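1. Provide a 3D model corresponding to the input given below.
(chains A, B and C)
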Amino acid sequence: MKSWRAQVLVCAGAGCVSSGCRKIRDAIVAGVENHGLKQEVKVIETGCIGSCNLGPLVLINPEGVLYQKLTPEDARDIVAEHLAGGKLVERLLYKDPLTGRPVARLEEIDFFKYQQKIVLRNCGLIDPMNIEEYVAREGYQALHKVLTSMTPEKVVDEIIDSGLRGRGGAGFSTGLKWKFARQAQGALKYVVCNADEGDPGAFMDRSVLEGDPHSVIEAMAIAGYTIGSSQGYVYIRAEYPLAIERLEWAIRQARERKYLGRNIFGTGFDFDVEIRIGAGAFVCGEETALLTSIEGRRGEPRPRPPFPAVKGLFGFPTLINNVETYANIPAIILKGAQWFASFGTEKSKGTKVFALAGSVINTGLVEVPMGTTLRDLVFKIGGGIMDKKQFKAAQTGGPSGGCIPAEHLDIPIDYESLTRIGAIVGSGGLIITDENTCIVDFARFFMDFTQSESCGKCPPCRIGTKRILEILIRITQGRGREDDIDRLVELCNNIKDTALCGLGQTAPNPVLTTIKYFRDEYLEHINDKHCRAGVCRRLKKQAAVKIS
Amino acid sequence: MENQGCSCAPINEEDLYPKIEEIINQHRGNQNALIMVLHKAQNLFGYLPGRVQEMVSLGLGVPLSEVYGVATFYAFFSMVPKGRHEIKVCLGTACYVRGGQKIVEYLEKGLGVRVGDTTKDRRFSLNEVRCVGACSLAPAVLVNDDVYAQVDPAKVDEILVKYE
Amino acid sequence: MVTLTIDGQKVQVEEGTTILEAARKVNVRIPTLCYLPEVQAIGACRVCLVEVEGNRNLQPACVFPASEGLVVHTNNLRVRRARKFSVEMIVSDHPMDDCLTCPRNQKCELQKLADDLGIREVKFTGEKSGGQIDDLSPSIVRDQTKCILCRRCVTVCKEVQTVSAIYTQGRGFKTRVEPAFGRSLNDVSCTLCGQCILVCPVGAITEKENIEEVWHAIFDPSKFVVIQDAPAVRAALGEEFGYPPGTLVTGKMLAAVRRLGFNRVFDTNFAADLTIIEEGSELLKRIREGGVLPMITSCSPGWIKFIEHFYPDLLPHLSTCKSPHQMLGALTKTYYAEKAGIDPRDIVVVSVMPCTAKKFECSRPEMAGSGYRDVDYVITTRELAKMIRQAGIDFAGLENGYYDDPLGEYTGAATIFGATGGVMEAALRTACEVATGKTLENLDFQAVRGLDGIKEAVVPVDGIGNVKVAVAHGLGNARKIMERIKDGTADYHFIEIMCCPGGCVSGGGQPVPVNDEIRRLRAQALYQEDKNLKIRKSHENPSIKRIYEEFLGQPLGEKSHHLLHTKYTARGRF
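-> Numbers count the residues shown, from 1 in each chain, chains lettered A, B, ... in the order given. Predicted coordinates:
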């Protein structure tokens, strides 16, 4: 392969595309040409580098220098001064928020320094539209290894030993899931990738598909070999057109290079992948609903058992994992279960990608070892709260998750710890709020979401979420009643115990956790008709003066 | 360049029926292709006219009531013609926390329509969406497939003039 | 076989048996709502939740499979609270103020559940999902405000009848069950069979009542009101008055309707015998003259509407015979009117039918061969029961009544019309004897009896050869036969098709509930009546012989053509 003096990586994640990265790339390409650097400098459009709020941005390798918030003029300066002149363009560097001093190298920036990238190992480093770049970074070698030197049982054991658990939310052992799908009897079997990333506030799956689509394709092929399936489906949200485009392209390239199709690596193994596009229903992230949707029907969940591993797509045994889970697989195969298990906690191995958003200074995608504390995520990586405001709560796991208050900032983020306090890791959405957020309104927001996304099949979810929402609306409008909190808790606990699917069973979490940790704020709304955040406009912002 | 006009000149719906017929024929009798075909139909027509749903029903062998049941289950499918440009305000959590609701209210006022409706001149349809994955750049607004990040009311005006 | 423990009791069942079924073996009845045996098990309503040890979540007993060593609790505090909550949720979105005026009052599964579970207050109130009332069809009224979205109707319509007139629309709190585009049942390809009524646990789907019109006719001194009843009615009406399924209550029913004030009581069975003569003659004619075969029966109006919507190309296969009650109506206003010297204009014919589609049938414009409507009102078995109750008649205490001449005499062949295969059996009895002139030894054609979806038989008939026949009941089975006719693999001479599974005994107008066991018992009652009757062959019915002599002339003759036969209309697919 040709070696380049410098590589300019222009982040083309959906975030940066929206901030105008295309113009930056064009300016750099033109500049490189004007300065006669075409033979020395390679310009690559990559997937998401992670720090979306700094975009448009470029990373210049091999030095690892990051330039942020660029305009086309800035881009011309970078070519002239950095690439042609060999000098840093100081004014375009990242500035440490505390000291105000410029930090040149990406790996010295706090946002990146504390991360451990397994899932995102290629995101932001390779051109997702060029399979060569994936292959150059050990791409499809895991598939080769599996096909040529591992039995399916060995693959299952490896995944079990790695301790990898489903990254879509439930946290079930991935290896066991593969084992069940392998053991299931069926004339046909299917491998399905859940890319219906519906949690508002989570976009890691989108970024993986946009930035490193082959890692998912490769993992699905490995899964196909392991369970005995030759057909995969990726079910992806229609809201992600860029991810769809890049995945389609990647599948085409993989077919051309014979990583998909008949007789892969000459081993007699056949596997292919097709895309199915969702149509805007959050519930389709639930696995049985997703399968029904692939079949072209209303995406309504059904009770399990039978589990998809036994009776799934078109009635055949089906393995279904989400994007992030799959993206771990090639790394585990190549580097071994022990290596993977060396990250994380005793029961939650490996890393987790979080979509950090809300009122933190640094937003974007971060990948950290399981067990990293919430405090580190918010204050070290996230750089703390914007505008010198106070941390109020962190919402993990989207509308199925819980609200974590400041008193739990030191909780290690792993499956068990979060469950213990009523929250969930979920898909990895992590929304940080400050005192400008009204906690009751926040709960109302989530309930509004789940209520309108309820499929309507079971009464507890269909009607129960509506009743919760009605009470929350009432409270935020100053019409709260004394027994409303008790009523909410009763509704919530019962819905958790009776709803048919995960959507309904977890829908009460935001309400229950906010009541648990912010009961005072509910009481203020109900009794004093007072909203301390000033969000509920029909309520007073100032507390009534208390005469003691 | 005067009469270049917009690229989406008014389409004669009648002309689209042979095209959808062709698409349906590719999936004839395949009930599992229902959502896929509805996607294509909506891309063509901008919505799902009743006649199209009947054609899909006959072509794929899915009862009409079920075609309609699927079309009304998924938020992406629309039963009414949309405007030339679709504005989608993201109300995912991050966007909500960062003021997405205010953008919605501003647009409702400015365009004189409610969410879900289309302006009288069919220029814009206004909708809310649940998270487009631009959480780090909240609040986000989409016009057609273009994503606009960190939007505020002033920026909204700037954006909309680009779409005729 | 696997052994599991339910509420501390060990029970052995086949692996995969549901917990619900397994529990019944140890006399535990787990409450259900959306579950309906033979139709639907989807675990949606969350009423049959049980605790299965080792499972974090409560599980729906109607779908959870039994496996070795399972330990199940069907009645502990957690389960009780969960079930109660599920029903409380439904109640909270149900128009509880309407109970008193609901047609299903006191026969409502939701009422019973709420009572069984000890729900004594509407605990959670709020906005109701509401909806429309569709009463545009002549047969069925759908009241969405009462719909609890159990989907039993959707499933029976789609899976059993393959009609899919209604489906689940929208989602979440705004989910509705209705036809595409929110249309009325009257405007879509609904067959109006009423199977949805039978499965609806509440009052969301009911027949369109014609009770008041009938009362007004009865009390109108200028009207001569004639009632007729189909054979299936007498095999099921008793259930409305507490008799076990399968009790034949012909005598009490006749006494009751006379007390209601009807002037004459005729029997649709008479016209069933007549149908055999007309239809049999039509079949022989088609076979001999090379007409369209296979010929298919035409006495089930739901089936007729089905073929008109879905297979209009195959309409020539239908016998042109009207359904028996329409024939009887036409004869009442001609033959009988003449005989009794009554102006047909003053005659009101009321048919008691096990059927809702017949309400539509009697309103078809072509059903007026005499110049007057053949039948003025159709009421269902359930409506008749209501009238009897309204009149304060103590049904159980009644002495046996009787049918009136000359349209009241019938044979065993006619009475089995009410069960699937009955028309075929009746036809075969007559065909064999009429064609060969010999007396049949064994009148019971077992091959066409029973609840198999499609039944076939080959009957050797002298002079014709082997007559191949088929019987299908339920529109799903009818559709299979139609497809086979289309692809040319249905080489039958004659096919009986009944719209409703089990035939008329479980028609959409029959008492609720209906299941295969009840279907069997009601059919058995009719076969028993057949067995007990002296005359069991339609062509031997003396009144039939007389009517040909006195009035009709000959089968397929001019008068028959005019009064007893009809034509069909190709209808839209949607």
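2. use CA for all of it now, contacts and neighbours both
-> OK.
3. output the below-cut-off pLDDT ranges for the chain.
-> With no chain named, the answer covers chain A. Within chain A, the set of residues satisfying pLDDT under 70 comprises A:1, A:542-548.
4. wrong one, chain B
-> In chain B, residues with pLDDT under 70: B:1-11.
5. got the residues of it near chain A?
-> Within chain B, the positions adjacent to chain A are B:31-36, B:39, B:69-70, B:73-77, B:92-95, B:97-98, B:130-138, B:145-149 by C-alpha under 8 Å from any C-alpha of the partner chain.
6. can you flag the buried ones in those residues?
-> Neighbour counting with 16 or more other C-alpha atoms under 10 Å in any protein chain shown marks B:31-36, B:39, B:69-70, B:73-77, B:92-95, B:97-98, B:130-138, B:147-149 as buried within the residues of chain B next to chain A.
7. next, the distance between the ends of stretch C:286-297.
-> 13 Å (C-alpha to C-alpha, to the nearest Å).
8. Provide the secondary structure category for residue A:430.
-> Secondary structure, DSSP: H, G, I helix; E, B strand; the rest coil: residue A:430 is strand.
9. next up, the contacts around it.
-> Each residue near residue A:430 by C-alpha atoms under 8 Å, 6 or more residues apart in numbering or on different chains is listed here: A:201-202, A:354-357, A:394-398.
10. out of the residues of chain B next to chain A, which sit inside strands?
-> Of those, the ones assigned to strands by DSSP state E are B:146-148.
11. just give me the closest of those residues to residue A:460.
-> Residue A:460 lies nearest to residue B:147 out of those, by C-alpha to C-alpha, at 36.7 Å.
12. how far away is the closest one from residue B:140?
-> 7 Å.
13. flag every buried residue along the longest helix along chain B.
-> Assignment by DSSP state H gives helix B:13-26 as the longest helix of chain B. Neighbour-count burial for helix B:13-26, with 16+ other C-alpha under 10 Å as criterion, is recorded at B:17, B:20-21, B:23-24.
14. pull the residues that contact it.
-> Under the criterion C-alpha under 8 Å, 6+ apart, residues B:37, B:40-41, B:44-45, B:52, B:55-56, B:59-60 lie in contact with helix B:13-26.
15. any idea which element residue C:251 lies in?
-> Taking DSSP states H and E as the criterion, residue C:251 maps to helix C:250-260.
16. list the contacts for residue C:75?
-> Here residue C:75 is in contact with C:7, C:50 (C-alpha under 8 Å, 6+ apart).
17. just say helix, strand or coil for it.
-> Here residue C:75 is recorded as coil under three-state DSSP.
18. distance of it relative to chain B?
-> Computed as C-alpha to the nearest C-alpha, to the nearest Å, the residue C:75 to chain B distance reads 36 Å.
19. ditto for residue A:189
-> For residue A:189, the distance to chain B - C-alpha to the nearest C-alpha - is 17 Å.
20. and that residue, what does it touch?
-> So residue A:189 contacts A:227-231, A:316-318 (C-alpha under 8 Å, 6+ apart).
21. which non-adjacent residue is nearest the residue in the stretch 101-250 of chain A that chain C sits nearest to?
-> Of all residues in the stretch 101-250 of chain A, residue A:170 sits closest to chain C, with a separation of 12.8 Å (C-alpha to the nearest C-alpha). Spatial nearest neighbour of residue A:170, excluding adjacent residues (C-alpha to C-alpha, 6 or more residues apart in numbering or on different chains): residue A:426 at 6.7 Å.
22. and if you look at residue A:158?
-> Using C-alpha to C-alpha, 6+ apart, the closest residue to residue A:158 is residue A:337 (5.6 Å).
23. count the residues that sit near the one you found.
-> By other C-alpha atoms under 10 Å in any protein chain shown, 21 other residues sit near residue A:337.
24. with residue A:265 instead?
-> Quick note: residue A:265 (other C-alpha under 10 Å) scores 15 neighbours.
25. I'd say it and residue A:144 touch.
-> Yes: under the criterion of C-alpha atoms under 8 Å, residue A:265 makes contact with residue A:144 at 6.9 Å.
26. could you chop chain A up by domain?
-> A:6-113, A:131-341, A:351-434, A:439-547 (automatic domain parsing).
27. kindly check the end-to-end length of the first one for me.
-> According to C-alpha to C-alpha, domain A:6-113 extends 22 Å from its N-terminal end residue to its C-terminal end residue.
28. does any part of it sit near chain B?
-> Yes: judged by C-alpha under 8 Å from any C-alpha, domain A:6-113 comes into contact with chain B at A:14-15, A:17-19, A:52-53.
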